[in-house]
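>>> build me a model:
(one chain, ligands or ions: 1)
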Amino acid sequence: MTDPARPAEAFGRRGGWLHAEAVPVAQIADEVGTPVYIYSATALTQAFDALDAAFGGSRHLLCYSIKANMNLAVVRTLVARGAGVDVTSRGELFRALRAGADPSRIVYSGVGKRDDEIAAALEIGIKLFNVECRQELRRIDAVAGSQGRLAPVAFRVNPDVDPQTHPYISTGLRTSKFGIPISEAVDAYAEAKALENVRVIGVDCHIGSQLTKLEPFGDALARVRDLVLELRAAGHGIEVIDVGGGLGVVYDDEVPPTAAEYGAIVIDAVGGLDCEIVVEPGRSLTANAGIFVTRVLYEKDNGDKHFVIVDGAMNDLIRPTLYQAYQAIEPVGPPNPETRVVDVVGPVCESGDFLAQQRELPVVGRSDLLAVRSAGAYGFAMASQYNGRPRAAEVLVRGDRFAIVRKRESLEDLVRGESIPEDLLT
Ligand code: LLP
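Next up, the predicted model:
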């Protein structure tokens, strides 16, 4: 039997060739073209089930952090399994609803919510606003008042712990732009209580992403626990604790906590408070449920370096260059036993356009396919059309079937919405 915490490999080899579940990756690449993102529906549901089971005994809601992978089919796969959604903009709210999410299971996080975004979320009756500053609280109160509604709110508190991850994705330090300092929370909650159109229902905290150690979670949660007790003593009805996302995944040789260990530390810290626990996982549900497949165009050697030039680039997958992130790469075909140290680079006109640097890979040649692992989170979601590159196609696989869940963009898509105002040009 498959242990839900250790899902069967979604991308394994059969007869030497890489498969996505039971479908040969090369078949998808041939039929759909490259570059292409491929997601495994089974891996998505297994990751969800494992995390859900980790919180099994306690009242909880997993709100999938849609920013990690906003493809409608991916979101629907998780929503169908019982996920709520964590959104960060009106666009993400739109996508969550389009994917079939229940508004009463949507939480809205995000550091700069506009009035129209607040209004849209109130109109559909979301579960919770995670409020990032006092001015925002007042705007939510005003917009709710103008609609004659009561807005459910939690403050995002910044516990000032070092999550020990990449600085760009650390959010729980005092110096980051996120949340209100936990030391000001009691004051801020008092202000919220006095407002007519908000109802304080919870406390929220998210300290960062790709966390591979449990201690920072534990430290932050201990502070949240103390705060909840303090707020209750001050007469606030705290019913929800949103512990954010951030559970790390294996890209290389990291040893992140298992879902069960993560669930246990959360329950240990805040499980006894008789609150609903909201979790906002993104990467841990999707990263290793996806690969990015690209074809070798050329090779060149400048004496010092050997470059493998592929048709995928930083516009498709920006993590390697933006965060110096390691993502495993392997040939889709049977790996050549001979290896070579190479830079895998794309066609974009920047030296920062690489998928891997100084990486020992099996020798490949023109037209070979390469698969970049762990690409299901923050891959397509961060893609752009830079250098006039239509964004890649996305494919979802289940068992021996697959479907294109986002068409490759066309040339027309590149200029959609643009116009040339002739009278302004001369
Ligand atoms: N909740 C909040 C408030 C967040 O800001 C984030 C991620 C999440 C939940 C989900 O975190 P996760 O479970 O995915 O770690 N582009 C970066 C990651 C940025 C994360 C931003 N916030 C990367 O590719 O590593």
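>>> just the pLDDT for residue 178.
Listed pLDDT for residue 178 reads 88.
>>> wait, residue 77
98.
>>> same deal with residue 4?
With respect to pLDDT, residue 4 scores 42.
>>> could you do residue 94 as well?
98.
>>> straight-line length of stretch 265-279, end to end?
13 Å (CA to CA, to the nearest Å).
>>> got the residues of the stretch 1-150 of the chain near the ligand?
Within the stretch 1-150 of the chain, the positions near the ligand by CB under 6 Å from any ligand atom are 65, 68, 86, 109. All C-beta atoms are positioned from the backbone trio N, CA, C, and that covers glycine.
>>> most surrounded residue in those residues?
In terms of neighbours by other CB atoms under 10 Å, those top out with residue 86 at 31 neighbours.
>>> and residue 62, helix, strand or coil?
Applying DSSP: H, G, I helix; E, B strand; the rest coil to residue 62 yields a three-state assignment of strand.
>>> where does this structure dip in pLDDT?
1-8 (pLDDT under 70).
>>> ok, whichever residue of the stretch 301-426 of the chain sits closest to the ligand - how many residues close by?
Proximity of the stretch 301-426 of the chain to the ligand (CB to the nearest ligand atom) peaks at residue 378, 3.1 Å away. By other CB under 10 Å, the residues close to residue 378 number 25.
>>> measure it to residue 122 for me?
29 Å (CB to CB, to the nearest Å).
>>> just give me the neighbour total for the nearest residue to residue 103 once chain neighbours are set aside.
Nearest non-adjacent residue to residue 103, counting by CB to CB, 6 or more residues apart in numbering: residue 124, 4.3 Å away. For residue 124, the neighbour count with other CB under 10 Å is 14.
>>> run the chain-centre distance for stretch 193-204.
Distance of stretch 193-204 from the chain centroid (CA atoms, centre = their mean, to the nearest Å) equals 28 Å.
>>> my bad, stretch 263-279
Using CA atoms, centre = their mean, the offset of stretch 263-279 from its chain centre is 22 Å.
>>> and that stretch, end to end?
10 Å.
>>> in that stretch, what's buried?
If you call a residue buried by 16 or more other CB atoms under 10 Å, then stretch 263-279 has these buried ones: 263-267, 269-271, 273, 275-279.
>>> any residue of it touching the ligand?
No. Shown here: stretch 263-279 not in contact with the ligand (CB under 6 Å from any ligand atom), separated by at least 8.7 Å.
>>> renumber starting at 41 from here on
From this message on, residue numbering opens at 41, which makes the last subject stretch 303-319.
>>> can you give me the helices in the stretch 341-466 of the chain?
Assigned by DSSP state H, counting those that start in this stretch, the stretch 341-466 of the chain shows helices spanning 359-363, 451-455.
>>> what's in contact with the last one?
If I follow you right, that is helix 451-455. 425, 428, 430-431 (CB atoms under 8 Å, 6 or more residues apart in numbering).
>>> show me the domain layout of the protein.
With domains defined by automatic domain parsing, the chain comprises 51-79+327-455, 149-321.
>>> nearest to residue 122 among these would be which one?
Of all these, domain 149-321 sits nearest to residue 122, with 12.5 Å by CB to CB.
>>> distance between that closest one and the chain's centre?
Centroid separation for domain 149-321 versus its chain: 17 Å, with CA atoms, centre = their mean.
>>> between the two ends of it, how far is it?
Where domain 149-321 begins and where it ends lie 13 Å apart, using CA to CA.
>>> now do stretch 445-459
The straight-line separation of the ends of stretch 445-459 (CA to CA) is 29 Å.
>>> again with stretch 237-251
Terminal-residue distance, stretch 237-251 (CA to CA): 36 Å.
>>> pull out the buried positions in it.
For stretch 237-251, by 16+ other CB under 10 Å, it's 237-238, 240-251.
>>> got it, and stretch 145-156?
For stretch 145-156, a neighbour-count test (16+ other CB under 10 Å) marks 145-150, 153 as buried.
>>> which of those residues fall in strands?
Using DSSP state E, the members of those that fall in strands are 146-148.
>>> return the member of these nearest to the ligand.
residue 147 (8.8 Å).
>>> contacts for the helix or strand harbouring residue 300, please.
Using DSSP states H and E, residue 300 maps to helix 299-310. The contact list for helix 299-310, computed with CB under 8 Å, 6+ apart, reads 45, 87, 90-91, 93-98, 254, 257-258, 261-262, 264-265, 268, 281, 283, 287, 297, 317, 319, 324.
>>> and residue 234, how many neighbours?
9.
>>> got phi/psi on it?
phi -80, psi -10 (degrees, to the nearest 10).
>>> please tell me how far it sits from residue 66.
The value you get for residue 234 to residue 66, if CB to CB is used, is 63 Å.
>>> got it, and residue 374?
Applying CB to CB, the value for residue 374 to residue 66 is 11 Å.
>>> more neighbours, the two?
Taking neighbours as other CB under 10 Å, residue 374 and residue 66 compare with residue 66 leading, 16 against 12.
>>> what sits against the nearest residue to the more buried one once chain neighbours are set aside?
Distance criterion CB to CB, 6+ apart; nearest residue to residue 66, sequence neighbours excluded, is residue 372 at 5.5 Å. Taking CB under 8 Å, 6+ apart as the contact definition, residue 372 lies against 57-58, 65-66, 69, 333, 408-411.
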